[in-house]
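*Asks:* My questions are about this predicted structure, shown below with the sequence.
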Amino acid sequence: MISLSYIEGKDDPAGQLLPLGRVRPSGSGKGLSAWLVASLLLLTLPVQAQADASGQIRQAVENHLRTMLEQQAQRQGWQGMQLRYEINIPTSAANQPACSMAPRVQATGDAPSAMERQQLRIRCAEAPGWSVNATGQAHVFLPAVHAEGLIDRGQTLTANDLKLQRINIAKARRGYYNRLDEVIGLTAKRRIRAGQTITPALLEQTMAVKRGQPVKIIASHDGIEASTSGEALADGQPGDVIRVRNVRSEKVIDAKVVEAGVVTSTF
C-alpha cells in the first residue's frame, strides 16, 4: 500500500525528459527531429495514463469522504470545517488505465463514524475489471473555544474571556465547543488556564438564584398578585423549586425560581 499524500509530493515522472544524446542542429535552429518528438510522446503516454488513474482514485475517495463529512457537519451545525485526507491505495493501482468517467466508490467496511478509517472499493462502471481497494480517512479540523487568559472558578464567561483556535476534533475526547455563543454566559466550575480548550466538564449554567441572595417572592391568587422580600436558601435555575425565607415573617417556604432574583410561591 502507498499513501497518495506522499505521491503528490514527488515530481511527476511524466515531466522528466529522457537523455537525447547528440542531435545535429537543423537549419531552422531546432534540435529535435519530428520522429524523435513522436518517440518521446509515445514513451510518456503510459506514464501519463497511470498518473491520471491514480489521480482519479484519489479524487474519488476525497469526494466520498467530503460528502460524508459535509452531511455530518450539517446535522451537527459545525462551522468553519477544514479537512485533511489520508488515502492509501495498492501499488497495483498504477496499472489501471484512466477511467473515462468519475469512478464509483463503495464502502466495504463497517466504520461507525465518518471520521474513522474507511475501507473502500473504487470501480470504473464502463470497465468491469477496473476495481481497486483502498482506505481513506478524513481528519476534521474545527474552530474550538479556548480560554483567552486565566479564568477563575465561579467566573461567568464573556466574549473577552474566549478565543477560537482550530483543533483536530477526533482527538478532543473530552468534548469541545465550536461557537462562542455556546459558552458565553456559562460559569467556570473550576479554574481554567490560559489557552486551555473549553470542555463541557469545565462549565455549568450560571445560577439564576444563589444561596444567601436576596430574592423577590411573588404570590398570586385569583388574579391578585403580591410580592415580598426573601432570602434564597439554595442555588436554583429557572424551574427549580428551592427553599426561601420570607424576611418579614421569617417563614421558610418552597418557591419556584422564575428568573434571576425572582421566585414564586408554590402554594
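*Replies:* Thanks, I have the structure now. Numbering: from 1, shown residues only.

*Asks:* use CA for all of it now, contacts and neighbours both
*Replies:* OK.

*Asks:* Just the CA atoms of stretch 208-222, as PDB, please.
*Replies:* Once side chains and other backbone atoms are set aside, the C-alpha atoms of stretch 208-222 remain, and they are given as PDB (Å, rounded to 0.1, in the frame of the first residue of the first chain):
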ATOM      1  CA  ALA A 208     -30.400  32.400  38.400                       C
ATOM      2  CA  VAL A 209     -30.600  32.400  42.200                       C
ATOM      3  CA  LYS A 210     -27.700  31.700  44.600                       C
ATOM      4  CA  ARG A 211     -27.800  30.700  48.200                       C
ATOM      5  CA  GLY A 212     -27.900  33.700  50.600                       C
ATOM      6  CA  GLN A 213     -29.000  36.000  47.700                       C
ATOM      7  CA  PRO A 214     -31.900  38.400  48.300                       C
ATOM      8  CA  VAL A 215     -34.900  37.400  46.100                       C
ATOM      9  CA  LYS A 216     -38.300  38.800  45.200                       C
ATOM     10  CA  ILE A 217     -41.100  36.400  46.300                       C
ATOM     11  CA  ILE A 218     -44.200  36.700  44.100                       C
ATOM     12  CA  ALA A 219     -47.500  35.100  45.200                       C
ATOM     13  CA  SER A 220     -50.700  35.200  43.100                       C
ATOM     14  CA  HIS A 221     -54.200  34.000  43.700                       C
ATOM     15  CA  ASP A 222     -57.400  34.600  41.700                       C
END
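
*Asks:* Could you give me the buried positions within that stretch?
*Replies:* Residues of stretch 208-222 classed as buried: 208, 209, 210, 211, 214, 215, 216, 217, 218, 219 (neighbour count, 16 or more other C-alpha atoms under 10 Å).

*Asks:* Among the residues you listed, which lie within strands?
*Replies:* 214, 215, 216, 217, 218, 219 (DSSP state E).

*Asks:* quick one: which of these is nearest residue 251?
*Replies:* residue 217 (12.1 Å; C-alpha to C-alpha).

*Asks:* ok, that closest one to residue 239 distance?
*Replies:* In this structure, residue 217 and residue 239 are separated by 14 Å, where distance is defined by C-alpha to C-alpha, to the nearest Å.

*Asks:* What about residue 197, how many residues nearby?
*Replies:* Counted with other C-alpha atoms under 10 Å, residues neighbouring residue 197 total 24.

*Asks:* same deal with residue 82?
*Replies:* Residue 82 - counted by other C-alpha under 10 Å - has 15 other residues nearby.

*Asks:* ok, now how distant is it from residue 165?
*Replies:* 13 Å.

*Asks:* ok, now residue 224?
*Replies:* To residue 165, residue 224 is 53 Å away according to C-alpha to C-alpha.

*Asks:* between these two, who's got more neighbours?
*Replies:* Residue environment comparison for residue 224 versus residue 165 gives the larger neighbour count to residue 165, 15 against 7, counting by other C-alpha under 10 Å.

*Asks:* Quick one: the helices in this protein, in order.
*Replies:* 4-8, 34-76 (DSSP state H).

*Asks:* Now the weakest link among those helices, please, by mean pLDDT.
*Replies:* Comparing the helices of the chain by mean pLDDT, the weakest confidence falls on helix 4-8, with a mean of 34.

*Asks:* Can you tell me which of the buried residues of stretch 208-222 is nearest residue 127?
*Replies:* Using C-alpha to C-alpha, residue 208 is the member of the buried residues of stretch 208-222 that lies nearest residue 127, at 67.0 Å.

*Asks:* Need the pLDDT of the closest one.
*Replies:* You'll see residue 208 listed with a pLDDT of 88.

*Asks:* Same check on residue 265?
*Replies:* With respect to pLDDT, residue 265 has a value of 87.

*Asks:* out of everything not next to it in sequence, what's closest to it?
*Replies:* Once its chain neighbours are removed from consideration, residue 265 has its nearest residue in residue 255; the separation is 4.5 Å (C-alpha to C-alpha, 6 or more residues apart in numbering).
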